[in-house]
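J.: Let me see the structure of the following:
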Amino acid sequence: MKKFFLSAIILGAFSFGYSQSTYYNDYSNSVNTMNWESVASSLVLNATQKQQLTNLNNQYPTYDSWNAKYANQPEKWSSDRYSSMQRILGNDKYTKFKNKYYKGQNPVAVYNKNKHHDSRKKHMEHKSKHRNESYKARDYEKSKKRGDGSHLWVKGHR
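T.: Residues are numbered from 1 along each chain as shown. Next comes the predicted model:
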């Protein structure tokens, strides 16, 4: 019984840590996938705004630094990040930023929608692959029952 509880605790800790690192990877991608020099020049940011944006981008360089802040609420990073960006850029430039990079939508909503879309896309790809494999297996079994050797062609044997 003790082994069961110990296993459950270890598995739970691993799962929790894994989900935390997924959130950190999302945070890291939000920082690293954007060309911030291009953003700064297109929005005509002043030196202070550029420095504040750089500081924001460098705020959590490691998982441990990020986790110290967001361990209890890992999904909160996105709203914190984009509200800080709005404060740094001001309403007008932040609106231009959203329009150019997020098609006028709230970056947090776009992030969540894309995340949901990506997981749904992976699920559908898996489901489609499974359906095709099931079809091949049924076709093979039908051919094998006929006893004419055609099942060898279905499986790719020649």
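J.: C-alpha from now on. contacts and neighbour counts both.
T.: Will do.
J.: Tell me the spacing between Asp139 and Pro107.
T.: To Pro107, Asp139 is 47 Å away according to CA to CA, to the nearest Å.
J.: got it, and Glu37?
T.: Glu37 sits 19 Å away from Pro107, going by CA to CA.
J.: Which of these two has more residues huddled nearby?
T.: Between Glu37 and Pro107, Pro107 has the larger neighbour count (other CA atoms under 10 Å), namely 21 against 12.
J.: my guess is the more buried one meets Tyr82, correct?
T.: Yes. Checked against CA atoms under 8 Å, the pair Pro107 and Tyr82 is within contact range at 7.1 Å.
J.: show me where pLDDT drops low in this structure?
T.: When residues are selected by pLDDT under 70, those of the chain lie in 1-19, 106, 111, 114-136, 140, 149-158.
J.: what about the helices in it?
T.: For the chain, the helices defined by DSSP state H cover 2-32, 36-42, 47-57, 63-70, 77-102, 107-146, 151-154.
J.: tell me, how many neighbours does Tyr24 end up with?
T.: The number of residues packed near Tyr24 is 22, by other CA under 10 Å.
J.: ok, now which ones touch it?
T.: Shown in contact with Tyr24 (CA atoms under 8 Å, 6 or more residues apart in numbering): Tyr63, Trp66, Asn67, Pro74.
J.: Give me the nearest residue to Arg81, chain neighbours excluded.
T.: Leaving aside its chain neighbours, Arg81 sits nearest to Leu56 (7.8 Å; criterion: CA to CA, 6 or more residues apart in numbering).
J.: quick one: that neighbour from Tyr70, how far?
T.: Going from Leu56 to Tyr70 by CA to CA gives 15 Å.
J.: repeat for Thr22
T.: According to CA to CA, Thr22 and Tyr70 sit 12 Å apart.
J.: Just want to know which of these two has more residues nearby.
T.: Set side by side, Thr22 and Tyr70 show more neighbours around Tyr70, with 16 against 13, by other CA under 10 Å.
J.: That one: what's it in contact with?
T.: Tyr70 neighbours (CA under 8 Å, 6+ apart): Lys76, Trp77.
J.: And the one 4 residues further on, by the same measure?
T.: Shown in contact with Pro74 (CA under 8 Å, 6+ apart): Gln20, Tyr23, Tyr24, Asn67.
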